[in-house]
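S.K.: Can you look at this prediction? I've put the sequence above it.
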Amino acid sequence: MSERPVTPLLDQVATPADIKQLSDSQLVTLADELRAETISAVSETGGHLGAGLGVVELTVALHAVFDAPRDKIIWDVSHQSYPHKILTGRRDRIRTLRQKDGLSGFTKRSESPYDPFGAAHSSTSISAALGFAVARDLGGACETGLGDAIAIIGDGAMSAGMAFEAMNNAGHLKKRLIVVLNDNEMSIAPPVGALSSYLSRLYAGEPFQEFKAAAKGAVSLLPPPFQEGAKRARDMLKSMTVGGTLFEELGFSYVGPIDGHDMEQLLPVLRTVQARASGPTLIHVCTRKGKGYGPAETRRDGGHATGKFDVVTGEQKKAPSNAPSYTRVFAEALLDHAAQDPRICAITAAMPDGTGLDLFDQRYPSRCFDVGIAEQHAVTFAAGLAAAGMRPFCALYSTFLQRGYDQVVHDVAIQRLPVRFAIDRAGLVGADGPTHAGAYDIAYLANLPGFTVMAAADEAELKHMVATAAVHDSGPIAFRYPRGEGEGVEMPAQGTPLEIGKGRMIQKGGRVALLSFGTRLGEVMKASEALRARGITPSVADARFAKPLDAELILDLAARHEALITIEEGAIGGFGSHVAQLLAENGAFDEGLRFRSMVLPDIFIDQASPADMYAAARLNAVDIEAKVLDTLGIARMSSQRA
Ligand SMILES: Cc1ncc(C[n+]2csc(CCOP(=O)(O)OP(=O)(O)O)c2C)c(N)n1
Ligand SMILES: CC(=O)[C@@H](O)[C@H](O)COP(=O)(O)O
Ligand SMILES: [Mg+2]
């Protein structure tokens, strides 16, 4: 395959209207070209590859049959939306995907009228589509008009409670709503759970071929209300879905399963549903993640996400690094503790590899739980385990823990249950952008009575924090750490539990104290070096705890310096706010202390490299240096940034 594919039909498609001019056989060719273009683009940008490749035919078929943007095509998670972007006027920018100032890796309302609803967290599509459908029937207004609402949701995303809340409501409201269940038998990792087994049973040994043969007369293959009476249809449906499906019980007409890579099945089924559906309809489409690109198809994760790669060999182009990732440090530290303590168990919500718990699962499968995309359940399940004397580590990305917040408050904190929250991807994560930023956990956890909240300054600290959490039985405890590699510091042979609520002095200086919480400590030290060259040696401390605060350390810093500046990788309302409260309550401002708090700005920062995102957030060394100079009232003649 050449790096820049030859794409004569794709070249004719500026918008979906052009697709409607093509014959069915041309649509098959268009799909091939679209697949090649997707592979080529992602090879240059990196990103989510496998899911998009799995829906190439479905994307073409949807745009051929439905009338976007009037009809609302809503991609769940939307990591599979790159082919959709190529067909909807964004092909000229597709090679900017996930880059600074480029296209988002997800659907985004501000990016295109063909993205009626933004996403990146899973299982929201059916709810959103139902909202559009109900608004349409209530006479709502939208610039592009309101037609059909079509949610495309994966089998992994379908396992989340929110999808079922939406199905439950949709089945009750009985509005015309189309759900395409894209079943590739994959989440990021192989899917888990009873629903996954159920879906497999729905098509185990099922008659794709028979369906294909008969698909041209698809009306006769479809269930009421699409077609009454055709014996052949009834017989076929019987063999496809013995005894009615769960979806039918929820009030949906169920169509399928069909082969989602076969236009001869997709097009007639979508056309028939488009022409005849009157209520909620679920089309069960079977696809393969990574379809049509060998290196993706053969990967364990179906090529879910990739760095830049060589199209011909599939080889990734990422430069190797010597520092261990924070995730790995966490995972290995937890294994050490689990070896000593059979009460330790681990929970992930569909991210075993991303959280490092795949290692735990290999070593201690009976104590490791992948609960699927179900963060709410993960938290309360962990609470139950804790209440019964286990020592659960609930390992979630900061951004996904947001979904389990009521459970954190109601099931964990109020009951003072010792659930250990290992919060990965804390801070800005780079190419996934604002939907995945771990920006809020400090604020939303440190405000909870009885919660202990830590942030690791480096990978050695992380090891100590895992040890701290392992023995902390008096209430909930969280420790946060970022995506990516550590600082390359020397590692202790084993972690040592930290004294709860005690920070550490890193360097003693004068005039200004820099109080860091988390991995900005490296930038703080760089800023300190730059300031030293200007004749200012700041004191530097690592707070380690946002809750409980080290009041003694902080008040002492306040008493001994003209200025105190906090730095954290979190939104307003977090560590700095707690420090401000402490200082105010203790009269530190009355004594004339100049206090500044460096936090993530009150905006959603678009995707870029983490360093660029931190530059946008003004949290890099140069910004810390500038803040010190401003705070001390020193002119910044040679500062690097105005
Ligand atoms: C709430 C939430 N939890 C976890 C994730 C991480 N995540 C992104 S895609 C994905 C797997 C989705 O599987 P599926 O819906 O089957 O789509 P596929 O990739 O197989 O097409 C997961 C777990 C997420 N985006 N949102
Ligand atoms: C779409 C999604 O939510 C995940 O695939 C996410 O992009 C993974 O992020 P990491 O690469 O940080 O594991
Ligand atoms: Mg899937």
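M.R.: Okay, I see it. Owing to the predicted nature of the structure, the values given are computational and were not obtained by experimental measurement. Ligands and ions are numbered 1, 2, ... in the order given.

S.K.: Name the residue of this structure that lies nearest to ligand 3.
M.R.: Ligand 3 sits closest to Gly154 of the chain, with a gap of 3.7 Å, by CB to the ion. C-betas here are computed from N, CA, C, even on glycine.

S.K.: residues contacting that residue?
M.R.: By CB atoms under 8 Å, 6 or more residues apart in numbering, the contact list for Gly154 reads 51, 76-77, 80, 122, 181-184, 186-187.

S.K.: Which of those residues has the largest number of neighbours?
M.R.: Using other CB atoms under 10 Å as the neighbour test, these are led by Asp76, with 31 neighbours.

S.K.: from what I can see that residue touches Ser122, true?
M.R.: Yes: here Asp76 reaches Ser122: they are 6.1 Å apart, a contact under CB atoms under 8 Å.

S.K.: Could I get the full set of helices for the stretch 301-450 of the chain?
M.R.: Using DSSP state H, counting those that start in this stretch, the helices found in the stretch 301-450 of the chain span residues 326-340, 352-355, 357-363, 375-387, 398-401, 405-406, 441-446.

S.K.: Looking at the contacts of Gly154, which is nearest Gly433?
M.R.: Val77 (13.4 Å; CB to CB).

S.K.: Near ligand 2, list only the ones from the contacts of Gly154.
M.R.: Among the contacts of Gly154, the ones lying near ligand 2 by CB under 6 Å from any ligand atom are Val77.

S.K.: Reformat the contacts of Gly154 as TSV; add distance to Glu165 and pLDDT.
M.R.: Below are the contacts of Gly154 laid out as TSV (distance: CB to CB, whole Å; pLDDT from 0 to 100):
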residue	distance to Glu165	pLDDT
Ala51	23	98
Asp76	14	98
Val77	17	98
Gln80	22	98
Ser122	13	98
Leu181	16	97
Asn182	20	97
Asp183	20	96
Asn184	23	96
Met186	23	92
Ser187	19	92
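
S.K.: Residues of the stretch 251-400 of the chain that sit close to ligand 1?
M.R.: 289, 349-351, 373, 375, 400.

S.K.: Which PyMOL command selects the buried ones in these?
M.R.: PyMOL command restricting those to the buried ones, with burial defined by 16 or more other CB atoms under 10 Å:
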select buried, resi 289+349+350+351+373+375+400
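
S.K.: Check the residues of the stretch 251-400 of the chain next to ligand 1 and tell me the two furthest apart.
M.R.: So, these by CB to CB: farthest apart are Lys289 and Glu375, at 22.2 Å.

S.K.: Quickly name whichever of the residues of the stretch 251-400 of the chain next to ligand 1 is closest to Arg391.
M.R.: Minimum distance to Arg391 across these is 18.6 Å, recorded for Ala349 (CB to CB).

S.K.: In contact with the closest one, which residues are there?
M.R.: Per CB under 8 Å, 6+ apart, neighbours of Ala349: 370-375, 377-378, 396, 400.

S.K.: Which entries within the residues you listed meet the buried criterion?
M.R.: Buried, going by 16+ other CB under 10 Å: 370-375, 377-378, 396, 400, out of these.

S.K.: wait, which of the residues you listed is closest to Val466?
M.R.: Looking across those and measuring by CB to CB, the closest to Val466 is Leu396, at 15.1 Å.

S.K.: hang on, isn't the closest one packed against Thr355?
M.R.: Yes: if you go by CB under 8 Å, Leu396 and Thr355 touch, sitting 7.2 Å apart.

S.K.: Overlap in contacts, the two.
M.R.: In contact with both Leu396 and Thr355: 348, 422, 424, using CB under 8 Å, 6+ apart.

S.K.: residue contacts, the first one?
M.R.: When the contact criterion is CB under 8 Å, 6+ apart, the partners of Thr348 are 355, 357, 368-371, 378, 395-396.

S.K.: got the contact list for Asn586?
M.R.: Taking CB under 8 Å, 6+ apart as the test, what Asn586 contacts is 551, 555, 558.

S.K.: just checking, next helix/strand downstream of the longest strand along the chain?
M.R.: Determined from DSSP state E, the single longest strand within the chain is strand 563-571. Toward the C-terminus, strand 563-571 is succeeded by helix 575-585 as the next helix or strand (DSSP states H and E).

S.K.: could you give me the average pLDDT of that following helix?
M.R.: Taken as a whole, helix 575-585 has an average pLDDT of 98.

S.K.: do the same with stretch 339-350
M.R.: 98.

S.K.: Output it as CSV - backbone C-alpha positions only.
M.R.: Taking C-alpha atoms only, stretch 339-350 is exported to CSV below (Å, rounded to 0.1, in the frame of the first residue of the first chain):
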residue,chain,number,x,y,z
ALA,A,339,2.2,-10.3,47.2
GLN,A,340,2.3,-9.5,50.9
ASP,A,341,-1.4,-8.8,51.5
PRO,A,342,-4.2,-11.0,50.1
ARG,A,343,-6.7,-8.3,51.0
ILE,A,344,-5.4,-6.1,48.2
CYS,A,345,-7.5,-6.2,45.1
ALA,A,346,-7.7,-4.1,41.9
ILE,A,347,-10.5,-2.7,39.9
THR,A,348,-10.4,-1.1,36.4
ALA,A,349,-13.3,0.1,34.3
ALA,A,350,-12.4,-1.2,30.9
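
S.K.: In it, which residues are buried?
M.R.: 343-350.

S.K.: Buried among the contacts of Asn586? Need that as a selection in ChimeraX.
M.R.: Listed next is the ChimeraX selection for buried residues among those, using 16+ other CB under 10 Å:
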select :555,558
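
S.K.: Which ones among the contacts of Asn586 map onto helices?
M.R.: Within these, residues falling in helices by DSSP state H are 551, 555, 558.

S.K.: In CSV, list these along with distance to ligand 2.
M.R.: Shown next, in CSV, are the ones in helices among the contacts of Asn586 (distance: CB to the nearest ligand atom, whole Å):
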residue, distance to ligand 2
Ala551, 35
Leu555, 38
Ala558, 37
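
S.K.: Take those and lay them out in CSV including pLDDT.
M.R.: Output for the ones in helices among the contacts of Asn586, formatted as CSV (pLDDT from 0 to 100):
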residue, pLDDT
Ala551, 98
Leu555, 98
Ala558, 98
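
S.K.: Tell me the pLDDT of the closest residue to ligand 2 within the stretch 451-600 of the chain.
M.R.: In the stretch 451-600 of the chain, the residue that lies nearest ligand 2 is Arg483 (5.1 Å; CB to the nearest ligand atom). Here, the pLDDT recorded for Arg483 equals 97.

S.K.: before we move on, what about Gln640?
M.R.: 47.

S.K.: Just checking, which helix or strand of the protein averages the lowest pLDDT?
M.R.: Within the chain, confidence by mean pLDDT, DSSP states H and E is lowest for helix 231-240 among all helices and strands, at a mean of 41.

S.K.: what comes into contact with the helix or strand that it is followed by?
M.R.: As assigned by DSSP H and E, the chain's next helix or strand after helix 231-240 is helix 246-249. By CB under 8 Å, 6+ apart, the list of residues contacting helix 246-249 from outside reads 167, 198, 241, 254, 282, 284.
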